[in-house]
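Novice: Let me see the structure of the following:
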Amino acid sequence: KWMKESSPLSRKLDRIQNKLLLQHDPSLHAHLQSLGIAPQVYGIRWIRLLFGREFSLDDILLVWDAIFAYSPSLSLVDYLCVAMLRFIRNALLGFDYSTCMQQLMHYPTVGDTHYLVEEALHLRNPQASQSSSIFALKFESYPEIR
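Specialist: As a prediction, this is how the structure comes out:
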């Protein structure tokens, strides 16, 4: 295993995949579980660097602004992880372990990072969010994996 089960980061990642993702996208959660993809495998990279490897410099500045502006506790990070998983859901569902790991460890380019942030805000507080998960409609047709 990547780290002790009781570490705070490990517990955070378990909560993201096994509570938040399960709540917001049960099909994707079930698929990742069936493949045995633990959240620590991809999540450590995402969270320890605050998504620094997943986005371009311009995009990461937008993501960091949202994270730090939302709450000093950085609670938006959890929902950004769920939004990122949902963004690539069609590239994960129906594919095998190695294809899914490739997508998770080499996150694809996001055309407009604002949508990702909007989705995270919507997942965190649907009543206060202006978007009614237009994200799900916008990214329903994720490009095919080559």
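
Novice: what's the burial count for Tyr115?
Specialist: 17 (other CB atoms under 10 Å). In this view, the C-beta of every residue, glycine as well, is placed from N, C-alpha and C.

Novice: ok, now Leu116?
Specialist: Count around Leu116 with other CB under 10 Å applied: 25.

Novice: and if you look at the one 10 residues further on?
Specialist: Around Pro126 sit 12 other residues, with neighbours defined as other CB under 10 Å.

Novice: for it, phi and psi?
Specialist: Reported as degrees, to the nearest 10, the phi and psi values for Pro126 are phi -60, psi -30.

Novice: Do a quick rundown of the helices in this protein.
Specialist: 8-15, 22-24, 26-35, 39-48, 57-70, 76-87, 89-92, 97-105, 113-124, 134-138 (DSSP state H).

Novice: Give me the residues contacting the fifth one.
Specialist: Residues from elsewhere that reach helix 57-70, judged by CB atoms under 8 Å, 6 or more residues apart in numbering: 50-52, 54-55, 74, 76-77, 80, 110, 113-114, 116-117, 120-121, 124.

Novice: Skip the chain neighbours and tell me the closest residue to Asp14.
Specialist: Take Asp14 and drop its neighbours on the chain: the residue closest to it by CB to CB, 6 or more residues apart in numbering is Pro39, 6.2 Å away.
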